[in-house]
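> Have a look; sequence and predicted model below, questions after that.
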Amino acid sequence: MPEGHTLHRLARSHQRTYAGQPLAVTSPQGRFASGASLVDGQVLAKAEAHGKHLFHNYVNGHTVHIHLGLYGKFTDGTPPAPAPVGQIRMRLVSSTQWTDLRGPTACEVLTPDEVAAIHARLGPDPLRRDADPDKAWTKIAKSRTSIAVLLMDQSVVAGIGNIYRAELLFRHGIHPLIPGRSLDHTVWKEMWPDLATLMRLGVRRGRIDTVRDEHLPEATGRAPRQDRHGGEVYVYRRTGQPCLVCGTPVMGEVLAARNNYWCPTCQPA
DNA sequence: GATCTATGTAGAT
DNA sequence: TCTACCTAGATCG
């Protein structure tokens, strides 16, 4: 589900499956009907992601911008595509594959200027080659805002969601409420490549795993974790359970309207 | 079957 | 800081 790694995985998949082919683009639900008509029958030139945003660039110059939000989801299969059931915002069909999109926050055709504006307001994305971690550091270093809020701010770093935030802070022993400007630059220079590694692993596996080998269930004898995001994590949604490193019960609290999780021992205030 | 909850964001207050 | 958006799986009764 949708943190940055999911969108990059989708972009990669759509690129492989559809790029270079004409696509039948429809909106069975109707809410994207006028947009779909602008690209229906066109060849997909490229699919790419920046943070949690997905872009389908068609050869006629139109771009479909998709943001899954909290609920959005793609499903796909091989033809024939089944009769539409429920609220399908967009359906793509090629000669070899079909894909349905449900429940996105955004699914719209944008002009090149509008696309550029989205890229411009997004911060560096650890999964993109053009990412510059110094741009994020510049904002973090002068901000009184908590590091937890800064990491979720897509104009600071694009692609981090609640799970990567909680796990990255844990892995570097950072309390969520530490102000950005109190963060040590050397710590940030360790956090960024670590985040990039975690997210690349997420793209490969299609799930978020953040636990080092020595703390995995196979190494420690504890029961494997089964959560709906599917991965092995240190603190995300583990409130009250023992920290995998020190055994202290994990804290869980809503901060700035989002659930936060941390180990009070490994991540001192 | 009803209710709750979530990995996100924009806009109003 | 709050609400709306609007989906599906988990949980409740």
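Structure's in. What do you need? On a predicted model such as this, the values are computed, not experimentally measured, just so you know.
> what helices or strands is the top helix by length along chain A leaning on?
Using DSSP state H, we find that the single longest helix of chain A is helix A:185-205. For helix A:185-205, the contact count by 3 or more Cβ pairs under 8 Å, 6 or more residues apart in numbering; DSSP states H and E identifies helix A:4-18, helix A:133-141, helix A:162-171 as packing neighbours. (Each C-beta comes from the backbone N, C-alpha and C, glycine too.)
> The nearest residue to residue A:131 once chain neighbours are set aside - how many residues pack around it?
Leaving aside its chain neighbours, residue A:131 sits nearest to residue A:124 (3.9 Å; criterion: Cβ to Cβ, 6 or more residues apart in numbering). Using other Cβ atoms under 10 Å, residue A:124 has 21 other residues around it.
> Now do the contacts for residue A:89.
Residue A:89 is in contact with A:27, A:29, A:31, A:32, A:101, A:102, A:103, A:104, A:107, counting by Cβ atoms under 8 Å, 6 or more residues apart in numbering.
> can you pull the contacts of the residue in chain A that DNA strand B sits nearest to?
For chain A, the nearest residue to DNA strand B under the criterion Cβ to the nearest atom of the strand is residue A:161, separated by 2.3 Å. Applying Cβ under 8 Å, 6+ apart, we find residue A:161 in contact with A:2, A:3, A:4, A:52, A:152.
> quick revisit: winner for burial among the helices and strands packed on helix A:185-205?
Ranked by mean neighbour count, the helices and strands packed on helix A:185-205 are led by helix A:162-171 with a mean of 24 (mean count of other Cβ atoms under 10 Å).
> which helices and strands does it pack with?
Using 3+ Cβ pairs under 8 Å, 6+ apart, the elements in contact with helix A:162-171 are helix A:147-152, helix A:185-205, strand A:258-262.
> Ok, which of these comes nearest DNA strand C?
Nearest of the helices and strands packed on helix A:162-171 (Cβ to the nearest atom of the strand): helix A:147-152, 8.9 Å.
> For the closest one, give me every contacting residue.
A:139-140, A:143, A:156-157, A:160-162, A:164-165, A:168-169, A:174, A:176-180, A:183, A:255-256, A:258, A:260.
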